[in-house]
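J.: prediction below, plus the sequence it came from.
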Amino acid sequence: MGTTIEVQAADGTAEAYLTGEAGRPGVLFYVDAIGLRPQVEEMADRIASWGYVVLVPHVFYRDGRAADLAPTADLRDPGAREEFFASGVGDRVAALTPDRSGPDAEAWVRALEQHAGDGPIGVTGYCMGARLAVRTAGQFPGTVAAVGGFHGGRLVTDADDSPHHAVAASTAEYVFGHADQDASMPLEQVEALEQVLQEAGRPHLNEVYAGAAHGYTMADTSVYDEAAAERHYRVLQGLFARTL
C-alpha cells in the first residue's frame, strides 16, 4: 500500500514509510527498538485502512539505513530475538535522547502534515516508541489529539526527562496497553502513570494485558501474542475514531 519517502530530519536525511490516502487524518507511528521493517509497515498499512495516512519514520537514521540495521535472522526462531538485541540495539536506543528525538519529532510532524488533512493528528508507539509518542504529545499540544503506547518501557522514571512529565503539557487522549510482568515497566510504574494521567485530567485507558510479553504486537518475533495484538488494534482504532 505504501511507499518509502525521505524526510529532512535534524541531523540528516531519514527514510520514512508513508501509507494511506493523502488528505486523511494523520497518524505518526513510532517503531520499536527493532526498527523500520516489513512488520511495522504491515501494521501501518492496517491502521491506514481505517481511513488514515500513516508515517513511520526511521528514527535510527543516524546509525545507518533501515535495511542495514534490520535483523538478518528470523526473530521467531529460538534465541534469535535475544541475539539481535545483544548486537548493539541498546546502544542505538540509548543514543536517541530527548535532545535528538525532540528536533526529529518536528521533522516527522511536519512531513506527516504535508500529506494529511487539516486537523489534529494521532501518534502510536511501541516499546521505546511509546516513550517517543508521549514526548511528542507534550511537544505538540493542540496538534496531537491521541496517543497509543503499547508494551512501552520506562515511561515513568526518576530522571528529569522522564516521558511521563510530558503528559501535563499535552492535550491528548491516551491509551496504554502494558505487557504483563514487564521489567521495563513494572506495576508500580503503571500505577504512577495512572496518577499522572488523572492529575493532568487527560482522558485515558491504562491497562495491563495479562499474559502478554514485552513486544507482544510484533508478529515477526518469538514474543508475538495474537490475542493481545488484536486487542491493541481494537483499542487503538477506537481511540482514533473518537479523536481524529
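T.: In hand now; what should we look at? Being a predicted model, the structure only gives us computed values, none of them experimental.

J.: so where's the longest helix in the chain?
T.: Taking DSSP state H as the criterion, the chain has its longest helix at helix 226-243.

J.: buried ones in that one?
T.: Buried residues in helix 226-243, counted by 16 or more other CB atoms under 10 Å: 228-229, 231-233, 235-237, 239-240, 243. All C-beta spots, glycine's among them, are computed from the backbone N, C-alpha and C.

J.: next one: stretch 205-225
T.: Going by neighbour count (16+ other CB under 10 Å), the buried part of stretch 205-225 is 206, 208-209, 212-218, 220-225.

J.: on that earlier part again, okay if I get the buried residues of helix 226-243 as TSV plus distance to H165?
T.: Formatted as TSV, these follow (distance: CB to CB, whole Å):
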residue	distance to H165
A228	28
A229	29
R231	28
H232	25
Y233	29
V235	24
L236	24
Q237	28
L239	22
F240	25
T243	22
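
J.: from these, which is closest to T157?
T.: H232 (23.4 Å; CB to CB).

J.: tell me which entries of the buried residues of stretch 205-225 lie within strands.
T.: 206, 208-209 (DSSP state E).

J.: could you point out which element follows the strand or helix carrying E6?
T.: Element membership of E6 [criterion: DSSP states H and E] is strand 3-9. Next helix or strand after strand 3-9 toward the C-terminus (DSSP H and E): strand 12-19.

J.: from the chain's centre, how far out does that next one sit?
T.: 15 Å (CA atoms, centre = their mean, to the nearest Å).

J.: strand partners (parallel or antiparallel) of that strand?
T.: strand 3-9 (antiparallel), strand 53-57 (antiparallel) (DSSP bridges).
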